[in-house]
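*Asks:* Could you look at this predicted model? Sequence included:
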Amino acid sequence: MEVANSKSAVGQVQAAETTVLHAVQKEVKGDTTHLLQRCTEVDASTKVKYTVKRRNLDDDTGDNHVLNDHTKLQIVLPESLQKKDGYVHKDALFGYPGYNVGSLQTQLIYVNGTGCEDFPKGANWEPPYALMIDRGDCVFVDKVRRAQHAGARAVIIADNKCLCSDLDCMRRTGDSFCEIVLPYMNDDESGGDITIPSMMIRKADADDIKKSISQAKGVSNVMVKFDWGIPSPDGRVEWTMWHSAWDEQSTALLKAAETIVDALGDRAFFTPRFVMYNGSKVGCDIHDGVDPCGNMCINKGRYCLMDPSPFHDRTEGASGADVVIENLRRKCIWDIASKEDPGVGKKWWRYVNIFADECNTREETFMSKRCALDVMKKVKIDVGAVEECMQPYGPNLDEVNPWLEADLTEQTALQLLRLPALFVDGVHARGRIDASGIMNMVCAGYGIHDPPAICSCSDQNNMALINCIKQGGAVNGAALGGGVSFTTLVFILALAGVAVASAGYVYWKRSQRQMRDQVRSILAEYMPLEDQSDEMDSMIGGTKLHPAAMAAAKSPRGYMPTNGFVMTDDDDRA
C-alpha cells in the first residue's frame, strides 16, 4: 500500500511538471508576450506584493537580461556588435563574480573548441583576456577550470542550441532541436577551486561574435566588458540568506557568517529565510485514508521537506517534518532576538551555531526537541515566547502558519535554484556562496557610502578572511596573502633584525671569551718558565715584557696582541 501511494504521489508530481511545461510552451509559441503572476506575502501584520514578470525572449532590444539584472555583458569593440542593453546571459552558479572590482574590460579570445582538454601552452594570448568556449562534451566546471589554469580572467560559454523563440537562428542553422530558455551553469560539487566569473550567452549572439573574431587580423578584434553592480542607496546594506537547518552547506556558511555579522554591526541588516516545498502542489494535502507524503510535512501537507536520512529513508531518524519545525523555530527565534539588535540578532547566531555543534551532528539529536530547548536556555532565549510564536503547527493541523506561508510565497516568486541562496540589496548572488562571496557582495553594496574597515578584507581567501575581520580589517587598506598587514610585516622584520643583531653580538662575545681562554691556557703553560728563568730570559731588547707577551713570544702559536684580551680581562675584573 505504501508503494502504491508513493507511485501515485510521483505520478501527481509528473503530471504537475507536464502541466507547467505545456503552459510555458504555450506562452512561448502564443501571441502573449508578457505573463504577470502576482503573489501575496503575509509577513506578520505586513503585506508585501511581489510581481514576477516574464518577458518575451524575442525582445532583443528590451531588457531580457533582467535574468541577471545586477550584471551586464557588452561588446565594446567592434561597435557593430554592441547591443543597447547588453547581451542576454546567465551567470554560472560557481566561481566568483567580480562584485568587489565592479567591472572587467578585456580582449575576448575564441578557442574554437569545447574546452574539455587542456589549452595549448604556447598560445599567443596576451593577458589579460577572457575566453569564449563552446558548450558541450563536458561539464561547465571543467571548461572554466581549464580556462582559469590557462590564465583567463573570465569565461563566456557559447550555447550550442538555438532558443525555440529564435526562428532566425533555427533557420540559419537548420536545427530541429531547440531549448526554451538558456540553461543554468550548475556546479557539479567540484567547483570550489574556481575563482573566475563565467557566463553563458545565446547561440545566435555567440555565432555573430565568432564570425567577427574569425575575420580579425590578429588573435581577436573583440573587446568585451563585464559589469557587476550592487545597488547602494545608503550606508546600510540589507542582505538575506535562504537556507535550511539540515543543509550542510548552509550550516558551514552560518559558522563563518557570524563573525562577519558581528563585525558589521548595524551597518548591515540581515534577514534569515527558510526553504520548503508546497505540499499542496503535489497532493500531500489530499488524504484518502493514507497520508501520501508520510512524515515529510506539517500542517496537513502544506509545508514539506524531503527526509534528511540517507536515500530519504522515512522509516528511521529525523523526518522532513522535523526539519520544517526546526526552520520554523529559528524563524521565531529570529523574530524575538532581532528586537534587541535589529538586523543583527546575536542570540540567533549563537543559537544556530551552538545547535550545529550539539544537535546537528546526529539525526537523533536533531529531532530531539530537548536538544533545541537546552540550546535556547544556554543563550538565554525565552522558550515560552518561541513556542507561542510558532503556533499554529502540527502534523495533522489543517491551518495556515503565517511565518511558513510568508517564506513559501516569497520562495515561489524568487524561483530559488539552490541552497544556500544569497540576496544583497535585492540582487540574487550568482557564483559560489561562501564567506568570501558574502563579503564581496555586502561590501560592494556600500558603494561610495564609506564602507566599514573590514571591507578591506574582502579580497582575502576564506582561510585568511576570518582572521582579517577579527583584526578589524587589513591595516592601510591592504592585507598580505596570509592575512598579515603591512605594518605587522614591518614589525616582524624589525624583530627579526634585532634577533639577528643580538645573535651576532652573542657570537662575537663568545668568540672573544674563547680567545681569552686560549690566552689563559698559554699563560698557564708558560708562566712557570718565568719563575725558572733568569732575569735575562724575561727581557727582550732590554725591555721588561708583560708576562702574557713574553709567553706569546715563546709560544709556537706566535705573537698574540694583549690589547683586547688581557686588558679586557682587567676590565672584567673591575
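*Replies:* Received, thanks. Since we're looking at a predicted model, the values are computed, not measured.
*Asks:* S80 and K211, how far apart?
*Replies:* Using CB to CB, to the nearest Å, we find S80 at a distance of 11 Å from K211. C-beta coordinates here come from the backbone N, C-alpha and C atoms, glycine included.
*Asks:* Of those two, which one has the most company?
*Replies:* Neighbours were tallied for S80 and for K211 using other CB atoms under 10 Å; the higher tally belongs to K211 (11 against 8).
*Asks:* need the contact list for the more buried one.
*Replies:* The contact partners of K211, taken as CB atoms under 8 Å, 6 or more residues apart in numbering, number zero.
*Asks:* That one - that's part of a helix, no?
*Replies:* Yes: K211 sits within a helix when classified using DSSP: H, G, I helix; E, B strand; the rest coil.
*Asks:* which intervals of the protein have sub-threshold pLDDT?
*Replies:* With pLDDT under 70 as the threshold, the chain has low-confidence stretches at 1-69, 100, 122, 289, 475-574.
*Asks:* Got the domain ranges for it?
*Replies:* Domains of the chain are assigned by automatic domain parsing as 2-54, 64-228, 237-464, 487-573.
*Asks:* Could you dump those into CSV with distance to Q471 added?
*Replies:* Converted to CSV, those look like this (distance: least, CB to CB, whole Å):
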stretch, distance to Q471
domain 2-54, 38
domain 64-228, 19
domain 237-464, 8
domain 487-573, 9
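*Asks:* Ok, which of those domains comes nearest G472?
*Replies:* The closest approach between G472 and any of the domains of the chain, judged by CB to CB, belongs to domain 237-464 at 5.8 Å.
*Asks:* measure the closest one end to end?
*Replies:* 23 Å (CA to CA, to the nearest Å).
*Asks:* same thing with stretch 448-465?
*Replies:* Calculated as CA to CA, the first-to-last residue distance of stretch 448-465 is 22 Å.
*Asks:* List the buried residues in it.
*Replies:* Of all the residues in stretch 448-465, those buried under the rule 16 or more other CB atoms under 10 Å are 451-452, 454-460, 464-465.
*Asks:* so what's I156 up against?
*Replies:* 73, 89, 108, 130-133, 198-201, 206, 224 are the contacts of I156 under CB under 8 Å, 6+ apart.
*Asks:* Out of those residues, list just those in strands.
*Replies:* Using DSSP state E, 73, 89, 108, 130-133, 198-201, 224 are the members of these that sit in strands.
*Asks:* Count the neighbours of I325 for me.
*Replies:* Neighbours around I325, by other CB under 10 Å: 23.
*Asks:* I'd assumed it was in a strand, is it?
*Replies:* No: counting by three-state DSSP, one finds I325 to be helix, located in no strand.
*Asks:* contacting residues for it?
*Replies:* Applying CB under 8 Å, 6+ apart to I325 gives the contacts 298, 390, 393.
*Asks:* my read: the last one touches I298, true?
*Replies:* By that I understand Y393. Yes: counting by CB atoms under 8 Å, I298 is a contact partner of Y393 at 5.6 Å.
*Asks:* Kindly list the main-chain dihedrals of the residue nearest the centre of the chain?
*Replies:* Note on the chain: the residue nearest the mean C-alpha position is D434, at 2.5 Å, using CA atoms, centre = their mean. Dihedral angles phi and psi of D434 (degrees, to the nearest 10) take the values phi -150, psi -170.
*Asks:* correct me, but it touches Q460?
*Replies:* No: using CB under 8 Å, D434 and Q460 do not qualify as a contacting pair, with a distance of 11.8 Å.
*Asks:* hey, what's the closest residue in space to K210 that isn't next to it in sequence bridged with?
*Replies:* Closest residue to K210 in three dimensions, ignoring its sequence neighbours and counting by CB to CB, 6 or more residues apart in numbering: Y110, at 5.5 Å. Legend: beta-bridge partners of Y110 under DSSP bridges are M132.
*Asks:* give the contact list for Y110.
*Replies:* 131-132, 209-210, 213-214, 220.
*Asks:* Mind doing that once more with 10 Å?
*Replies:* When contacts are counted by CB atoms under 10 Å, 6 or more residues apart in numbering, Y110 touches 131-134, 156, 158, 206, 209-214, 216, 219-220, 222.
*Asks:* Weed out the non-buried ones from those residues.
*Replies:* Among the contacts of Y110, those that count as buried by neighbour count (16+ other CB under 10 Å) are 131-134, 156, 158, 206, 209-210, 212-213, 219-220, 222.
*Asks:* Quick check: neighbours shared by Y393 and I298?
*Replies:* Residues touching both Y393 and I298 (CB under 10 Å, 6+ apart) are 321, 324-325, 328, 401, 404.
*Asks:* out of those residues, which is most surrounded?
*Replies:* Of the shared contacts of Y393 and I298, with other CB under 10 Å as the count, V324 tops at 29 neighbours.
*Asks:* what about that one, distance to E363?
*Replies:* 15 Å.
*Asks:* One more: G229?
*Replies:* 43 Å.
*Asks:* okay if I get the shared contacts of Y393 and I298 as a markdown table plus distance to Y277?
*Replies:* As requested, these are exported to a markdown table (distance: CB to CB, whole Å):
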| residue | distance to Y277 |
| --- | --- |
| A321 | 12 |
| V324 | 9 |
| I325 | 15 |
| L328 | 14 |
| N401 | 14 |
| L404 | 11 |
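*Asks:* And whatever helix or strand T106 lives in, what's buried?
*Replies:* With secondary structure defined by DSSP states H and E, T106 is part of strand 103-110. By neighbour count on 16+ other CB under 10 Å, the buried set for strand 103-110 is 104, 106-110.
*Asks:* likewise stretch 271-285?
*Replies:* For stretch 271-285, the buried set under the neighbour-count rule, 16+ other CB under 10 Å, comprises 272-280, 282-285.
*Asks:* and which of these is nearest T409?
*Replies:* Checking the buried residues of stretch 271-285 against T409 with CB to CB, the nearest one is N278 at 9.2 Å.
*Asks:* show me the contacts for that closest one.
*Replies:* N278 makes contacts with 284-285, 297, 301-304, 405, 408-409, 411-412, as judged by CB under 10 Å, 6+ apart.
*Asks:* For D322, see how far away it is.
*Replies:* As for N278, its distance to D322 is 18 Å (criterion: CB to CB).
*Asks:* Make TSV out of the contacts of N278 and add distance to D382 and secondary structure.
*Replies:* Formatted as TSV, these follow (distance: CB to CB, whole Å; DSSP: H, G, I helix; E, B strand; the rest coil):
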residue	distance to D382	secondary structure
C284	33	coil
D285	33	coil
C297	28	strand
G301	31	coil
R302	27	coil
Y303	24	strand
C304	29	strand
E405	24	helix
L408	26	helix
T409	28	helix
Q411	28	helix
T412	32	helix
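*Asks:* could those residues go into CSV alongside distance to W246?
*Replies:* Putting the contacts of N278 into CSV (distance: CB to CB, whole Å) gives the following:
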residue, distance to W246
C284, 19
D285, 23
C297, 15
G301, 20
R302, 19
Y303, 15
C304, 13
E405, 21
L408, 17
T409, 22
Q411, 16
T412, 21
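*Asks:* Check the separation of the first and last residues in stretch 358-367.
*Replies:* End-to-end distance for stretch 358-367, by CA to CA: 12 Å.
*Asks:* ok so A318 is a strand residue?
*Replies:* No: for A318, which was evaluated using three-state DSSP, the result is coil, with no strand membership.
*Asks:* Wait, it touches T361, no?
*Replies:* No: with contacts counted by CB atoms under 10 Å, A318 stays clear of T361, the gap being 11.9 Å.
*Asks:* Could you check which of the two has the larger neighbour count?
*Replies:* Between A318 and T361, counted using other CB under 10 Å, A318 has the larger neighbour count: 21 against 10.
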